[in-house]
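> Quick check, what structure comes out for this input:
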Amino acid sequence: MPLSITKTFFLAITSISLALALILFPKESLDASIRGMQMWWDVVFPSLLPFFIVSELLIGFGVVTFIGTLLEPFMRPLFRVPGVGGFVWAMGLASGNPAGAKITARLRNEKKITRIEAERLVCFTNSANPLFIFGAIAVGFFQDAFLGFLLAAAHYLGNVFVGFIMRSYGRDEERSSHRYERSGLITALKLMHQDRLKDGRPIGKLLGDAVHSSVRTLLMIGGFIILFSVLNKILSIVGVTKLLASLFSIAFIAFHIPTELSIPFISGLFEITLGAKLISQTDVELLEKVVIASFIIAFGGFSIQSQVASSLAETDIRFKPFFVARIIHGFLSAIIAYLLWHPIYLKPKLEEAHAVPVFLKDSSSQWFETCWHLIEQFGASFTLVMLILFIVLSVQQTLKKDS
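Next comes the predicted model:
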């Protein structure tokens, strides 16, 4: 049987099975849907929207070209991507998944980077943002803000190593080697001005388009979060999660990891937040929890990977390199968390007499905790206001097209 026909039958059977599960378990599906919707409404939307809007404005105003010109001598030798990759990396780190993929796809559509460069770039510019690691994982689930420094160090160092590893990807497909030249500030400013003139949109139009495009992307993200929240619940009810967990238990035993973490691990492969919460509630050693949590945060979960795949589908960027990079990132982050357990977490805990580093870390963790509580308190109101604005902008665009 041809592969395409097999794929068609598999997708059809999967869709029918999901529909039947929704009919057989309506209450559980509704509860899971509400949980995913609440997470998107209260946290994901208000935390990501400002970064998405700012990134659209920076691209429209030519600032990305300015940054890319200055960072070319840094990004090209290290990661074999253009200087604009530095902007994508910074925005992806600050705003979290899947911002790196969205901005990379935008740059690819505008022909600012090649396909191979885009595939390298997307592999290491998608990460969990610090607010999620410190606020949701460390403070919300583990009740230990100090743990956020270990999780963050493992996560971001792992992503840097992924960038180094993927720099050799696609060498055979590149037609020619790129040469870079050091460009001064004046040259960068001239290129920024030219890029803004090339865009040509007035500030009001650019701002409206930025809001409209960002909200549309977040609506898509919300759909994926709700879908995978329901899917995760259904798989747990029908026993698929336990079956997969029993298979992974063999590997856990080989690495001397408690099998109690297998079910939270499987849940985390689908959706990070639920997996991290279940891991924090498991009665095993904290180090073992941290290692598994580091893996699933780096892997991203199929929910986030679907969001990335949806953003990349609008371009010729292939998804496979990103998926492979996520597996590599998962293992690297878990290993780094294990290696840094004593110097970053355990040793400072035992030596709290060192006032300076402890003071600095406490103040930093309190800042992330405060930001997280503000999002939880005002996030829903912010989401409602921005959705109303999105509706107004959509109506205005429709009326202009009809007139």
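
> Which other helices and strands does the helix or strand hosting residue 64 contact?
Assigned by DSSP states H and E, residue 64 falls within helix 63-79. If you count contacts as 3 or more C-beta pairs under 8 Å, 6 or more residues apart in numbering; DSSP states H and E, helix 63-79 packs onto helix 84-95, helix 115-124, helix 147-166, helix 185-199. Glycine gets a C-beta too; all of them are placed from N, C-alpha and C.

> try it again with 7 Å
helix 84-95, helix 185-199 (3 or more C-beta pairs under 7 Å, 6 or more residues apart in numbering; DSSP states H and E).

> List the buried residues for the last one?
Judged by neighbour count using 16 or more other C-beta atoms under 10 Å, the buried positions of helix 185-199 are 188, 191, 192, 195, 196.

> what does the first one give?
With burial defined by 16+ other C-beta under 10 Å, the residues of helix 84-95 counted as buried are 84, 85, 86, 87, 88, 89, 91, 92, 93, 94, 95.

> what's the following helix or strand after that helix?
helix 99-109.

> Output the contacting helices and strands for that following helix.
helix 45-60, helix 84-95, helix 115-124, helix 301-312.

> Nearest to residue 208, out of these?
helix 45-60 (10.5 Å; C-beta to C-beta).

> How far does the closest one sit from its chain's centre?
On the basis of C-alpha atoms, centre = their mean, to the nearest Å, helix 45-60 sits 15 Å off its chain's mean C-alpha point.

> Would you mark the buried spots in that helix?
Buried-residue list, helix 45-60, by 16+ other C-beta under 10 Å: 45-49, 51-60.

> before we move on, what about stretch 197-213?
206, 207, 208, 209, 210, 211, 212.

> one step back: closest to residue 266 among the buried residues of helix 84-95?
Out of the buried residues of helix 84-95, the member with the shortest distance to residue 266 (by C-beta to C-beta) is residue 92, at 26.6 Å.

> Touching, that closest one and residue 123? I think so.
No: taking contacts as C-beta atoms under 7 Å, residue 92 lies outside contact range of residue 123: 11.0 Å.

> circling back to that earlier point, make CSV out of the helices and strands packed on helix 63-79 and add mean pLDDT and distance to residue 9.
Formatted as CSV, the helices and strands packed on helix 63-79 follow (pLDDT from 0 to 100; distance: least, C-beta to C-beta, whole Å):
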stretch, mean pLDDT, distance to residue 9
helix 84-95, 83, 37
helix 185-199, 78, 46
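
> quick revisit: I'd like to check the angle between the helix holding residue 64 and helix 84-95, please.
100 degrees (axes from the mean of the first three to the mean of the last three C-alpha atoms, to 10 degrees).

> rewinding a little: format the helices and strands packed on helix 99-109 as JSON lines; extra columns: distance to residue 280.
Below are the helices and strands packed on helix 99-109 laid out as JSON lines (distance: least, C-beta to C-beta, whole Å):
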{"stretch": "helix 45-60", "distance to residue 280": "20"}
{"stretch": "helix 84-95", "distance to residue 280": "24"}
{"stretch": "helix 115-124", "distance to residue 280": "27"}
{"stretch": "helix 301-312", "distance to residue 280": "16"}
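
> Please identify which of these is closest to residue 31.
Per C-beta to C-beta, nearest to residue 31 of the helices and strands packed on helix 99-109: helix 301-312, 17.2 Å.

> Just list what the closest one packs against, helices and strands only.
helix 99-109, helix 203-238, helix 262-270, helix 320-340.

> And those helices: which comes nearest residue 133?
So among the helices and strands packed on helix 301-312, helix 320-340 is nearest, using C-beta to C-beta, at 11.1 Å.

> so that closest one versus helix 147-166, what angle?
Using the same axes, to 10 degrees: helix 320-340 against helix 147-166 is 130 degrees.

> so where is the stretch 101-250 of the chain shaky, pLDDT-wise?
173-184 (pLDDT under 70).

> and if we set it to 80?
Counting by pLDDT under 80, the ranges of the stretch 101-250 of the chain that qualify are 131, 135-136, 140, 145, 170-188, 191-193, 195-200.

> for the stretch 251-400 of the chain, same thing?
345-379, 396-400.

> Stretch 134-145 spans what distance, first to last residue?
End-to-end distance for stretch 134-145: 6 Å, by C-alpha to C-alpha, to the nearest Å.

> Relative to residue 35, which of the helices and strands packed on helix 301-312 is closest?
helix 203-238 (5.6 Å).

> Residues contacting the next helix or strand after that closest one, please?
As assigned by DSSP H and E, the chain's next helix or strand after helix 203-238 is helix 240-254. Residues outside helix 240-254 that contact it (C-beta atoms under 7 Å, 6 or more residues apart in numbering) are 235, 259, 261, 262, 263, 265, 266, 267.

> Please repeat the previous calculation with a cut-off of 6 Å.
235, 259, 262, 263, 266 (C-beta atoms under 6 Å, 6 or more residues apart in numbering).

> Buried residues of that helix, list them for me.
241, 244, 245, 248, 249, 252.

> ok, now stretch 132-147?
132-142, 144-147.

> Mind putting the buried residues of helix 240-254 into TSV with distance to residue 99?
As requested, those are exported to TSV (distance: C-beta to C-beta, whole Å):
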residue	distance to residue 99
241	29
244	30
245	31
248	30
249	35
252	32
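
> can you pull the contacts of residue 279?
So residue 279 contacts 264, 289, 292, 293 (C-beta under 6 Å, 6+ apart).

> now it: how far from residue 326?
For residue 279, the distance to residue 326 equals 18 Å [C-beta to C-beta, to the nearest Å].

> Residue 263 too?
21 Å.

> Hmm, residue 57 is touching residue 210, no?
Yes: contact criterion C-beta atoms under 6 Å: residue 57 and residue 210 qualify, at 5.4 Å.

> Tell me the pLDDT of the spatially most central residue of the chain.
With distances taken as C-alpha atoms, centre = their mean, the residue of the chain nearest its centroid is residue 97 (1.8 Å). pLDDT, residue 97: 82.

> Looks like residue 233 contacts residue 33 (just checking).
No: taking contacts as C-beta under 6 Å, residue 233 lies outside contact range of residue 33: 8.8 Å.

> Which one's more surrounded, those two?
The neighbour count for residue 233 versus residue 33, taken as other C-beta atoms under 10 Å, is higher for residue 233 (25 against 17).
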